[in-house]
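Build me a model from this:
(one chain, ligands or ions: 1)
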Amino acid sequence: MTALDQIRALEQGDAFAPRHIAPSETEIAEMLRVVGATSLEDLSSKTVPAAILGMDLSALPPAATEQEALAELAGLAAQNRADIKSLIGMGYHGTHTPPVILRNVLENPGWYTAYTPYQAEIAQGRLEALVNFQTMVCDLTGLPMANASLLDEGTAVAEAMHLAHAATRGKSHLVIAAADLHPQSKAVLTTRAAPLGITVRFVPVASIIAEVTEAKPFALVLQYPGTTGEVRDLTAEIAAVQAVGGLGLVAADPLSLCLLTPPGEMGADVVIGSTQRFGVPMGFGGPHAAFMAVKDAHKRLMPGRLVGVSVDAAGTPAMRLALQTREQHIRREKATSNICTAQVLLAVMAGMYAVWHGPAGLKRIASRVALSARVLAGAARAAGFTVKHDAFFDTVALDAGAKAEALTAAALQRGFNLAAHADGVVGIALDETVTRSDLAALAAVLAEVGGKPAPLDATFGGIPATLERRSAYCTATVFTAHHSEHGMLRYLKSLEDKDVALNRSMIPLGSCTMKLNATAEMVPVTFAGFGAIHPFVPADQAQGYRALTDRLSDWLCRITGFAAVSLQPNAGSQGEYAGLLAIRGWHLSRGDTHRDICLIPASAHGTNPASAAMAGMRVVVVGTDRDGSVDLDDLRAKAEQHAANLAALMITYPSTHGVFEASIREICALIHAKGGRVYMDGANMNAQVGLTSPASIGADVCHLNLHKTFCIPHGGGGPGVGPIGVTADLVPFLPGHPVVDCGGSATITVSAAPWGSASILPISYAYIRMMGAEGLTRATQVAILSANYLAKRLEAHFPVLYRGMNAMVAHECILDCRGFQQGGGVMVEDIAKRLQDYGFHAPTMSWPVSGTLMVEPTESEPKAELDRFIDAMVAIRAEIRAIEQGRMDKADNPLKNAPHTAAEIAADVWAHPYTREQAAFPLPFVKAHKYWPPVKRVDNVYGDRNLVCSCAPLEAYAQAQQIAAE
Ligand SMILES: *Cc1c(COP(=O)(O)O)cnc(C)c1O
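The predicted structure follows:
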């Protein structure tokens with residue numbers, strides 16, 4: 001071997017895959033022995049049906065090291081023109097992410113690796129951050145109730161339309177929208193309306209009142225300020241739609257609301273918008289947190305998650321997700337929306353931006369932007385341009401006529417992108433990053449093109465006195481208490497410490513795939529070359545992004561076996577919706593307008609029926625047999641019964657019960673024979689990659705959750721990316737975009753941005769690039785091994801509900817806890833809460849089967865961590881047995897009282913029949929690494945009955961405590 005060959009061999013030690021896949025060779029061998037397999041290949045053949053086993057990923061690029069992948073991504077970032085400032089506006093603006101938030105939230109695994117706060121006790125930190133966000137949104141919009149984020153402004157507009165349609169009980173099927181709505185919102189709205197039989201009419205601003213009065217729509221959608229920057233009083237327009245029984249929906253810019261009369265004070269029923277410019281980089285379109293605020297009457301129709309303040313078992317205020325009965329996991333096809341993963345991390349950032357700046361700081365930023373716009377408008381007038389609207393906040397629209405092209409070209413020369421609207425209108429949208437020297441450069445552009453001097457010494461236009469905001473906002477203490485950096489740093493840390501995230505312990509949530517989010521995958525997300533790019537920049541300014549999305553799409557095609565992939569859907573639920581629209585489009589294109597039946601197994605995730613309903617399909621539920629598989633006889637009967645109208649089957653593979661159904665090929669063939677298409681829910685793709693593929697199994701469409709299988713962190717409940725892959729004949733029905741050519745259909749747009757949440761795609765890119773074909777395949781094998789290892793080690797203590805061939809499970813397993821209710825009165829929830837005392841996040845609880853826990857360990861959990869989890873579960877089983885055998889009290893025991901807080905363990909009085917040590921330190925490893933839940937069990941019923949979604953009660957409680965202490 002030459003020296004260079006030796007160096008190459010030594011470089012193998014830098015490989016990424018063995019860092020991602022935690023168990024060592026020796027540990028894998030040990031685990032294989034436990035599950036009764038001789039090798040990983042042997043395990044694959046024992047688990048995956050032979051008919052579908054086999055996959056060739058050799059077309060993927062060879063595995064890169066962390067350094068190589070980082071260098072490659074830095075190269076791609078450098079191909080994006082972050083040096084050009086985008087003053088395009090249209091819903092996306094430059095912003096400064098406060099560094100204290102950048103490093104301590106966005107770049108901090110304590111925040112970005114957390115899961116959706118369903119287990120409230122271990123999520124009080126992010127729940128409080130979300131309550132801050134909701135409070136901020138309520139204050140800014142002037143409405144009493146706001147949710148904890150939506151996916152983007154375009155989909156928020158569409159969600160508001162749904163809400164209005166439901167609130168008005170379908171009296172009308174017409175929605176009128178102002179012509180100055182952002183074009184991407186128009187496209188998403190139109191896409192959403194079509195399958196529901198709703199008509200959208202876009203009306204010039206001047207004729208809104210007349211049209212509304214005449215046509216009596218169920219909703220009127222307004223943009224505030226309009227897409228070219230115009231600000232006007234909306235009171236009369238909102239009153240007009242309310243007079244005909246409809247709702248007034250306003251899409252508003254939150255920074256403008258710091259200075260403008262809020263839409264709520266103009267009578268709006270619903271206000272939506274995006275909080276992107278509150279410290280979240282544009283990122284070529286996302287992710288950002290959209291919001292929705294509503295009048296009290298509509299709170300039960302609100303889509304997405306809502307954080308409410310309740311109390312814990314000791315009466316202390318505690319937060320949890322409220323009104324979950326609205327959501328898809330309970331209401332299925334009757335849910336208010338299909339949203340599951342939303343934009344929690346970005347909502348946390350936007351809320352913290354308000355905490356950091358406070359009301360005075362926000363007003364200062366908004367005032368500087370507004371004044372800059374007025375000065376620029378003055379300069380434009382001096383240079384001979386006509387300013388289109390006198391009333392504006394941050395955007396100067398110029399009627400540039402024949403000079404429009406020269407103006408945008410001259411601006412580009414000096415490093416600015418302006419918006420080229422129709423009819424020679426050029427928009428210049430200012431933001432907090434625009435400096436005085438930028439203004440000087442822009443004035444020079446105006447002078448050059450206008451042919452007259454453009455001094456920055458006079459202002460023109462701005463916010464009319466009648467629209468100046470008089471009411472206060474962000475008045476809660478939290479928005480003024482943390483303005484020093486030390487104060488902010490410690491506030492962020494105090495919240496982070498309340499929560500369990502992946503940097504503390506494993507989060508074995510079945511179906512959610514809480515795997516490693518490697519640091520090297522995360523680093524590129526905050527490269528400037530990815531952050532500061534407006535989604536509507538000319539293609540030549542986003543070449544790095546285009547190369548990244550092209551390559552990632554190609555790799556995902558190889559992995560799924562499909563002809564093409566769309567990266568536009570920004571969550572799994574949106575992928576489902578987009579995929580069903582593709583199927584719908586295909587049927588319609590063949591004249592099959594009647595095909596609208598969607599078969600969905602009873603065990604399907606709630607987003608499936610909710611998405612089908614949104615796509616205008618009628619859901620027919622297919623039963624499950626005793627092994628947890630789709631009941632083939634029932635499927636055959638229903639496919640036959642609905643053959644004439646069959647549109648699709650939605651099926652999850654491996655099934656939501658965690659098994660590879662042997663009959664999957666047969667199932668797909670059956671649907672195809674009846675003229676339907678197969679939609680595969682790819683949430684469980686972590687059990688397929690490298691072993692089999694959706695296309696080879698027989699699916700026509702499949703969504704992937706990049707935030708599950710492909711390492712995008714869950715962010716505490718978002719962001720996510722839900723790309724869809726499709727067969728060749730469905731490619732024309734993939735989503736397109738009205739502003740940017742990203743391929744796809746001209747009539748289908750499912751997200752505001754052409755490539756959805758583009759700025760987090762580097763994470764999945766890095767993962768695939770660093771794992772390579774072998775690493776990806778091995779990850780799947782070890783994920784299956786870990787699940788089978790857990791099932792095997794726990795089966796003597798907890799019955800494993802379903803198994804596939806050779807009594808194996810796939811990448812997750814369901815532990816049946818229903819039997820403990822009889823003898824000891826122990827409910828599955830008690831086990832979930834008791835796990836918190838051991839420092840673990842509970843597995844998925846009561847889904848897909850009530851009274852069970854679904855455990856998904858993933859390939860990236862070290863064996864030692866799996867063993868700790870097993871020890872905890874076994875110890876909990878022993879505690880249950882003590883209750884069953886009467887050695888422990890049925891009502892007063894460590895399970896019923898779980899979780900235990902430090903305050904009660906340290907209190908002078910301890911009135912329980914078990915010891916404090918047993919309560920707090922039940923196993924030696926717990927003592928070494930104790931996590932203290934900050935609250936006791938949270939009361940859900942109380943919170944829903946006394947719905948409060950702002951910080952007020954928390955602050956009142958803190959004050960009362962203070963007074964009591966004094
Ligand atoms: C997570 C999940 C979904 C929904 O995906 P989101 O990204 O949360 O919208 C759908 N189906 C299954 C089986 C899932 O596990």
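
residue of the stretch 451-600 of the chain with the smallest distance to the ligand?
Evaluated by Cβ to the nearest ligand atom, the stretch 451-600 of the chain has Gly572 as its residue closest to the ligand, separated by 2.4 Å. No exception for glycine: its C-beta is placed from N, CA and C like everyone else's.

Now do the contacts for that residue.
Neighbour list for Gly572: Cys340, Thr341, Thr607, Asp681, Gly682, Ala683, His703, Asn705, Lys708, Gly720, Gly722 [criterion: Cβ atoms under 8 Å, 6 or more residues apart in numbering].

Of those, which belong to strands?
Secondary structure from DSSP state E places Asp681, Gly682, His703 of the contacts of Gly572 in strands.

what does this protein have sitting close to the ligand?
Within reach of the ligand by Cβ under 6 Å from any ligand atom, the chain has these residues: 340-341, 511, 571-573, 605, 607, 652, 656, 681, 683, 705, 720, 722.

neighbour-wise, which of those residues leads?
When the residues of the chain next to the ligand are compared by neighbour count (other Cβ atoms under 10 Å), Gly722 ends up highest, at 34 neighbours.

Okay, buried residues for the longest helix seen in the chain please.
The longest helix of the chain (DSSP state H) is helix 344-382. Using 16 or more other Cβ atoms under 10 Å as the test for burial, helix 344-382 gives 344-359, 361-363, 365-366, 369-370, 372-382.

ok now stretch 521-531, how far from the chain's centre?
How far stretch 521-531 lies from its chain's middle: 18 Å, per Cα atoms, centre = their mean, to the nearest Å.

can you check stretch 823-834 too?
Using Cα atoms, centre = their mean, the offset of stretch 823-834 from its chain centre is 30 Å.

My guess is Leu815 contacts Leu794. True?
Yes. In this structure, Leu815 is within contact of Leu794 by Cβ atoms under 8 Å, at 6.4 Å.

what touches both of these two?
Val800, Met873.

all helices of the stretch 851-966 of the chain, in order?
For the stretch 851-966 of the chain, the helices defined by DSSP state H, counting those that start in this stretch occupy 863-884, 902-906, 916-920, 924-928, 940-945, 952-965.

what's the answer for the stretch 251-400 of the chain, then?
Here the stretch 251-400 of the chain has its helices, by DSSP H, counting those that start in this stretch, at 328-331, 344-382.

what is the mean pLDDT for the longest one?
If I follow you right, that is helix 344-382. Helix 344-382 shows a mean pLDDT of 98 in the predicted model.

how distant is that helix from the center of its chain?
Centre-to-centre, helix 344-382 and its host chain are 26 Å apart (Cα atoms, centre = their mean).

repeat for stretch 737-746
The chain centre lies 23 Å from the centre of stretch 737-746; the measure is Cα atoms, centre = their mean.

Identify all contacting residues around it.
90, 183-184, 186-187, 535-536, 539, 566, 568, 585, 732-736, 749, 753-755.

Which of these fall in helices?
Going by DSSP H, the helices hold Pro183, Gln184, Lys186, Ala187, Gly585 from the contacts of stretch 737-746.

Go through those and name the one nearest Asp390.
Set against Asp390, the nearest of the ones in helices among the contacts of stretch 737-746 by Cβ to Cβ is Pro183 (23.6 Å).

Count the residues that sit near that closest one.
For Pro183, the neighbour count with other Cβ under 10 Å is 20.

Spit out the contact partners of it.
By Cβ under 8 Å, 6+ apart, Pro183 lies in contact with Met90, Thr227, Pro738, Val739.

any idea how far the ligand is from it?
Per Cβ to the nearest ligand atom, to the nearest Å, Pro183 is found 25 Å from the ligand.

what pLDDT does that residue get?
The model reports Pro183 with a pLDDT of 98.

Equivalent analysis for the one 3 residues further on, please.
Per-residue pLDDT puts Lys186 at 98.

Would you confirm that Pro654 contacts Asn686?
No. Counting by Cβ under 8 Å, Pro654 does not reach Asn686; the two are 9.6 Å apart.

Common neighbours of these two, please.
Counting by Cβ under 8 Å, 6+ apart, the shared contacts of Pro654 and Asn686 are His811.

any chance you could map the strands in the stretch 451-600 of the chain?
Assigned strands in the stretch 451-600 of the chain, in chain order: 564-566, 597-601 (criterion: DSSP state E, counting those that start in this stretch).

quick one, helices of the stretch 1-150 of the chain?
With helices called from DSSP H, counting those that start in this stretch, the stretch 1-150 of the chain shows them at 3-11, 17-20, 25-35, 40-47, 66-78, 99-101, 109-112, 124-141.

Go through those helices and name the closest to Arg590.
Distance to Arg590, taken as Cβ to Cβ, is lowest for helix 40-47 among the helices of the stretch 1-150 of the chain, at 38.3 Å.

just to revisit the earlier point, need the ones in strands among the contacts of Gly572 in CSV with pLDDT, can you?
CSV is the format used below for the ones in strands among the contacts of Gly572 (pLDDT from 0 to 100):
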residue, pLDDT
Asp681, 98
Gly682, 97
His703, 98
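
export the residues you listed to CSV and tack on distance to Glu448?
Formatted as CSV, those follow (distance: Cβ to Cβ, whole Å):
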residue, distance to Glu448
Asp681, 56
Gly682, 53
His703, 49
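
so which of those residues comes closest to Val200?
Nearest to Val200 among the ones in strands among the contacts of Gly572, counting by Cβ to Cβ, is His703 at 25.8 Å.

Roughly how far does the residue nearest to Val500 when sequence neighbours are not counted sit from Phe16?
Closest residue to Val500 apart from its sequence neighbours, by Cβ to Cβ, 6 or more residues apart in numbering: Ile122 at 4.2 Å. According to Cβ to Cβ, to the nearest Å, Ile122 and Phe16 sit 30 Å apart.

So for these two, which residue has more residues nearby?
Between Ile122 and Phe16, counted using other Cβ under 10 Å, Ile122 has the larger neighbour count: 30 against 24.

so what's the backbone phi/psi at the residue of the stretch 701-850 of the chain found nearest the ligand?
Residue of the stretch 701-850 of the chain nearest the ligand, by Cβ to the nearest ligand atom: Gly720 (4.3 Å). Backbone torsions for Gly720, taken as degrees, to the nearest 10, come to phi -140, psi 170.

list the contacts for it?
For Gly720, the contact set (Cβ under 8 Å, 6+ apart) comprises Thr341, Asn570, Ala571, Gly572, Asn705, Leu706, His707, Ile712, His714, Ser757.

Could you report the separation of the fourth one from Thr477?
Look at Gly572 and Thr477: by Cβ to Cβ, they are 38 Å apart.

what does Ile122 give?
From Ile122 to Thr477 the distance is 25 Å (Cβ to Cβ).

Neighbouring strands of the one helix or strand Val620 maps to in the sheet, and parallel or not?
If you go by DSSP states H and E, Val620 is part of strand 618-622. The strands that strand 618-622 pairs with in its sheet are strand 597-601 (parallel) (by DSSP bridges).

pLDDT at Thr155, what is it?
The per-residue pLDDT reported for Thr155 equals 98.

That one against Gln574, yeah?
Yes. The criterion here is Cβ under 8 Å, and Thr155 meets it with Gln574 at 7.3 Å.

Give me the common contacts of those two.
Common contacts of Thr155 and Gln574 (Cβ under 8 Å, 6+ apart): Val750, Ser751.

Tell me who's in contact with Trp356.
Pro98, Val100, Ile101, Gly279, His482, His483, Met488.

Filter those residues down to the buried ones.
Neighbour-count burial (16+ other Cβ under 10 Å) applied to those gives Pro98, Val100, Ile101, Gly279, His482, Met488.
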